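[1] Would you be able to build a 3D model of this:
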Amino acid sequence: MALAEDTTLDTGRRARGGRANRRDASTKPAGIPYIRRNIPTYDILSEENLQKIERTADRILSEVGIEFRDDPEAIDLWKKAGAKVDGLLVKFEPGMLNEILKSAPASFTQHARNPARSVEIGGSNVVFSPAYGSPFVMDLDKGRRYGTIEDFRNFIKLAQSSPWLHHSGGTICEPVDIAVNKRHLHMVYSHIKYSDRAFMGSITAEERADDSIEMARILFGADFVDKNCVILGNVNVNSPLVWDGTMTKSLRAYARANQAAVIVPFILGGAMGPVTNAGAIAQSFAETMAGCALTQLERKGAPVIFGNFLSSMSLRSGSPTFGTPEPAIGSMVIGQLARRLKLPLRCAGNFSNSKLPDGQAMQEGLMSMLSAVHCGANFILHSAGFLDGLLAMSYEKFVMDADLCGALHSYLAGVVVDDNTLAMDAFLQVGPGSHFLGCDHTMRNYTSAFWDSTLSDNEPFEKWSEEGGSTDIATRANRQWKKTLAEYEAPPLDVAIDDALKDFMERKTRDIPDAWY
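    Residues are numbered from 1 along each chain as shown. The predicted structure is shown next:
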């Protein structure tokens, strides 16, 4: 916590995330470990309407219930906690889950292997993390194709190189050139090797979750991991109202090790939930509370993140839609509900259904990203790279989104009011009818007064046309990601730890045939 207080500063120059000397084009902006928001959340629902949604969620939980499939241990935990169990169906008395969730921490630190990069999740803190889960990757040169481990590592390197992202992420893209039963080992190793930031592990099977945690123990030490969060696991509800064993076993594996599960329903309105926003929010709230509570039954006090992924769909075609206004405004309500539970929040992200890094992509992404910022999300997964309804990670979109995250650093800093920012000395020096370009106040503040985009073209049309080759932002982003990868340097990793990780991977895969499903 002290680190963030030292680096996310409360003065005009420093509150905007290390922008000093930005006017020198050769100077790279300094990053901060995470953002301390200085603007309030946007609470849109009244107390009366929040209670209506909570009561509806209670009715869903008590009258309809949630199925817990293929995980007898989870069923046993619910029985011991006093839930009503009928086979796979579990029903909860109103208020039961709220009571269980009181043991979950309101905020926690996820430690990075570089202590200066550890993140605080919860409270007024905001952490930007790359997009997650795409089977395809794309760029302007090679088009759309299946992701590989090289692509996976490239995106880790791009995230590590960005001053505007704070987290290495998880399955940034699926490296389909590696067998499914061994893929998780290479992904976790790549996060550790090519980034010194906090990262996420596997959730596709309980043993893969255990492997991810064990690799974290090799990196940090078993005793440290038992007492501190060092890895996240992002688990999804099988909406509507089903938790399958793959997910519950994985979330319990993370909780059992005192690591944080991110509990996330994925609701397409009209398919996996009601078409109406309030009903989808109530469903999401019920499903997420049940998953979060299960972590506390597994290990009381384990960190957990209250997640949400609301989306809409085209009712004409049945296709999912992303970056639309209804889920964006729904995120505001989810934020209010999560704060009432006193849980850290993962909500929204840079969502888009566009197939290219174009105007549609940025319009939809900004709609969704601003909802994440204003709803009070603490951990914003999908902050960079999301295209084609999350089917593709785009190299160009990644750096465009990271640039937007830089703008959001300044946006979240709010307006600083002090003697310097009120600029009375400038008014006295300049007087009526003159300009402020050369005054002392401007010269003191010009390097940090405004956020500088590394991608936007702000030159006159003639200069853009003559010197810039009439490029658009996607073309400039294409040049930037290539330059970033060419200049990338891996953060140092202790040789003994590196060898131990490689040995673990070799032992786990020795004599085991590849499985591709």
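[2] give me the low-pLDDT residue ranges for the stretch 351-500 of the chain?
    Scanning the stretch 351-500 of the chain for pLDDT under 70 picks out the ranges 468-469.
[3] For it, just list every one of the strands.
    379-380, 386-387, 392-394 (DSSP state E, counting those that start in this stretch).
[4] Tell me which residues touch the residue nearest the centre of the chain, please.
    Nearest residue to the geometric centre of the chain (Cα atoms, centre = their mean): Leu381, 1.8 Å. Each residue near Leu381 by Cβ atoms under 8 Å, 6 or more residues apart in numbering is listed here: 129-132, 169-170, 234, 262, 346, 349. Every residue, glycine included, has its C-beta placed from N, CA and C.
[5] Which pLDDT value goes with the spatially closest residue to it that is not a sequence neighbour?
    Once flanking residues are discounted, Leu381 sits nearest to Ser129: 5.0 Å by Cβ to Cβ, 6 or more residues apart in numbering. As predicted, Ser129 sits at a pLDDT of 98.
[6] Hmm, Ser129 is touching Phe379, no?
    Yes. Judged on Cβ atoms under 8 Å, Ser129 makes contact with Phe379 at a distance of 6.6 Å.
[7] okay, and the common contacts of the two?
    His167.
[8] For the chain, give me the ranges with low pLDDT.
    Residues of the chain that meet the cut-off, pLDDT under 70, sit at 1-28, 468-469.
[9] remind me, longest helix of it?
    helix 277-298 (DSSP state H).
[10] any idea which helix or strand comes after that helix?
    For helix 277-298, the following helix or strand on the C-terminal side (DSSP states H and E) is strand 304-308.
[11] Could you check how far the residue nearest to the centre of the chain is from Arg316?
    29 Å (Cβ to Cβ, to the nearest Å).
[12] cool, Leu485 as well?
    41 Å.
[13] Neighbour count for these two, which is higher?
    Between Leu485 and Arg316, Leu485 has the larger neighbour count (other Cβ atoms under 10 Å), namely 15 against 6.
[14] Please name the residues that touch the more buried one.
    For Leu485, the contacting residues are 154, 157-158, by Cβ under 8 Å, 6+ apart.
[15] about what we covered before: and the residue nearest to Leu381, how many neighbours?
    28.
[16] same question, the one 3 residues further on
    Other residues near Tyr132 come to 21 when the count uses other Cβ under 10 Å.
[17] likewise Lys102?
    Count around Lys102 with other Cβ under 10 Å applied: 10.
[18] State the helix or strand in which the closest residue to Met247 other than its chain neighbours lies.
    Distance criterion Cβ to Cβ, 6+ apart; nearest residue to Met247, sequence neighbours excluded, is Val235 at 4.5 Å. Counting by DSSP H and E, the element that carries Val235 is strand 231-236.
[19] And the next helix or strand past that strand?
    Per DSSP H and E, the first helix or strand lying C-terminal to strand 231-236 is strand 242-244.
[20] could you say what helices and strands that following strand packs with?
    Identification of packing neighbours for strand 242-244 by 3 or more Cβ pairs under 8 Å, 6 or more residues apart in numbering; DSSP states H and E yields strand 66-69, helix 277-298.
[21] Run the chain-centre distance for it.
    23 Å (Cα atoms, centre = their mean, to the nearest Å).
[22] what's it in contact with?
    Residues outside strand 242-244 that contact it (Cβ under 8 Å, 6+ apart): 66-71, 74, 237-238, 287, 290-291, 294.
[23] buried residues in that strand?
    243-244 (16 or more other Cβ atoms under 10 Å).
[24] Provide the strand pairings for that strand, with the direction of each partner.
    Here strand 242-244 has these sheet partners by DSSP bridges: strand 66-69 (parallel).
[25] Which helix or strand lies directly C-terminal to the partner strand?
    helix 72-81.
[26] Restrict that next one to CA atoms and write it as PDB.
    Output in PDB follows, covering the C-alpha atoms of helix 72-81 (Å, rounded to 0.1, in the frame of the first residue of the first chain):
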ATOM      1  CA  PRO A  72     -19.700 -33.900  -4.400                       C
ATOM      2  CA  GLU A  73     -17.300 -32.000  -2.100                       C
ATOM      3  CA  ALA A  74     -19.000 -28.700  -2.900                       C
ATOM      4  CA  ILE A  75     -22.400 -30.300  -2.200                       C
ATOM      5  CA  ASP A  76     -21.100 -31.500   1.200                       C
ATOM      6  CA  LEU A  77     -19.800 -28.000   2.000                       C
ATOM      7  CA  TRP A  78     -23.300 -26.600   1.300                       C
ATOM      8  CA  LYS A  79     -24.900 -29.200   3.500                       C
ATOM      9  CA  LYS A  80     -22.600 -28.400   6.400                       C
ATOM     10  CA  ALA A  81     -23.300 -24.700   5.900                       C
END
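[27] Next up, the contacts around the residue nearest to Met247.
    Contact analysis of Val235 by Cβ under 8 Å, 6+ apart lists 203, 247-248, 250-251, 261-264, 291.
[28] Can you add secondary structure, neighbour count and distance to Leu408 and give the residues you listed back as CSV?
    What follows is these, written out as CSV (DSSP: H, G, I helix; E, B strand; the rest coil; neighbours: other Cβ atoms under 10 Å; distance: Cβ to Cβ, whole Å):
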residue, secondary structure, neighbour count, distance to Leu408
Ile203, coil, 26, 28
Met247, helix, 29, 31
Thr248, helix, 27, 34
Ser250, helix, 25, 31
Leu251, helix, 31, 29
Ala261, strand, 29, 26
Val262, strand, 27, 20
Ile263, strand, 29, 25
Val264, strand, 24, 21
Gly291, helix, 25, 28
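[29] Do I have it right that Tyr411 meets Met369?
    No. Between Tyr411 and Met369 there is no contact under Cβ under 8 Å: 10.2 Å.
[30] Those two: which is more packed in?
    Remark: of Tyr411 and Met369, Met369 carries more neighbours, 29 against 18, as counted by other Cβ under 10 Å.
[31] thought the more buried one was touching Leu404?
    Yes. Using Cβ under 8 Å, Met369 is in contact with Leu404, at 6.7 Å.
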